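K.L.:
sequence and predicted model, in that order:
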Amino acid sequence: MTLQTWLAFCATETVLCFIPGPAVLFVVSAALARGAGAGIAAALGILIANAFYFALSGTGIAAAILASSELFTALRWIGTGYLLWLGLRMLLSRAKPPSASASTAASRSLLRGIIVQGSNPKALLFFVALLPQFINPAAAVGWQIVALGVSSVVIEFFVLLLYITLAVRARRMAGTRLAGPLERVGGGLLLAAGARLAFVRSN
């Protein structure tokens, strides 16, 4: 893999990461509802799932999952159902301070981020379609996958961090009186993400 190929991958990854999908919407909703700590924890959960999917894509297992319509459909509906459940829970919640501590909220956001992205087959589609375009089969494939995987995680982290920063600023500008409406906005974002995921197809 040449430097030009790596730079092309980084540029492509950066552009695609800015497109709002279930991961971005979940992270933004967490930051809006619970603050920066929850947003960063949600982002780390997303990245853990992405690293796992990247490894699967590099070993070819992801292609086998995508080839099975039953597995793909199961993943899609698990992800859709979970996003809709989280969205409805936030949408119907009462405007009151969260009873959980900051560390507990962060732990929940981390776990939910892993589940949201782990049950999103669109991530599998993304990596399976993207990786072969930047890997030189005549060179050491394993090291190329590691380099691209680390680059992908770093780029997406900073993109998500930008979204978190904007969401936290909006939260601060809104003030505590609008905590309830912000919670519902976050719920609406998750409902939109779940509806979007429901229409993902493997081809």
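P.N.:
Sure, I can see it. Residues are numbered from 1 along each chain as shown.

K.L.:
return the backbone torsion pair for G35.
P.N.:
The phi/psi pair for G35 (degrees, to the nearest 10) reads phi 100, psi -180.

K.L.:
that one: how many residues sit nearby?
P.N.:
20 (other Cβ atoms under 10 Å). To be clear about C-beta, it is placed using only N, CA and C from the backbone, and glycine gets the same treatment.

K.L.:
distance check, it against A106.
P.N.:
9 Å (Cβ to Cβ, to the nearest Å).

K.L.:
name the nearest residue to F157, ignoring sequence neighbours.
P.N.:
Counting by Cβ to Cβ, 6 or more residues apart in numbering, L47 is the residue found nearest to F157 once chain neighbours are left out, at 6.0 Å.

K.L.:
okay, that neighbour and A195: tell me how far apart.
P.N.:
L47 is 24 Å from A195, by Cβ to Cβ.

K.L.:
neighbour-wise, which of the two wins?
P.N.:
More neighbours surround L47 than the other of L47 and A195, with 21 against 13 (other Cβ under 10 Å).

K.L.:
buried ones in the helix or strand hosting that one?
P.N.:
Per DSSP states H and E, L47 falls inside helix 36-59. By 16 or more other Cβ atoms under 10 Å, the buried positions in helix 36-59 come out as 36-50, 53-54, 56-58.

K.L.:
give the contact list for A43.
P.N.:
27, 113, 157, 160-161, 164 (Cβ atoms under 8 Å, 6 or more residues apart in numbering).

K.L.:
what's the distance between the residue nearest the centre of the chain and I46?
P.N.:
Nearest to the geometric centre of the chain sits A23, at 2.6 Å (Cα atoms, centre = their mean). Distance check for A23 against I46: by Cβ to Cβ, it reads 5 Å.

K.L.:
any residues in contact with both of those two?
P.N.:
113, 116-117, 160.

K.L.:
the residues you listed: which two are farthest apart?
P.N.:
V116 and L160 (12.6 Å; Cβ to Cβ).

K.L.:
for the helix or strand harbouring T104, buried residues please.
P.N.:
Assessed by DSSP H and E, T104 sits inside helix 102-118. For helix 102-118, burial by neighbour count (16+ other Cβ under 10 Å) applies to 105-106, 108-110, 112-118.
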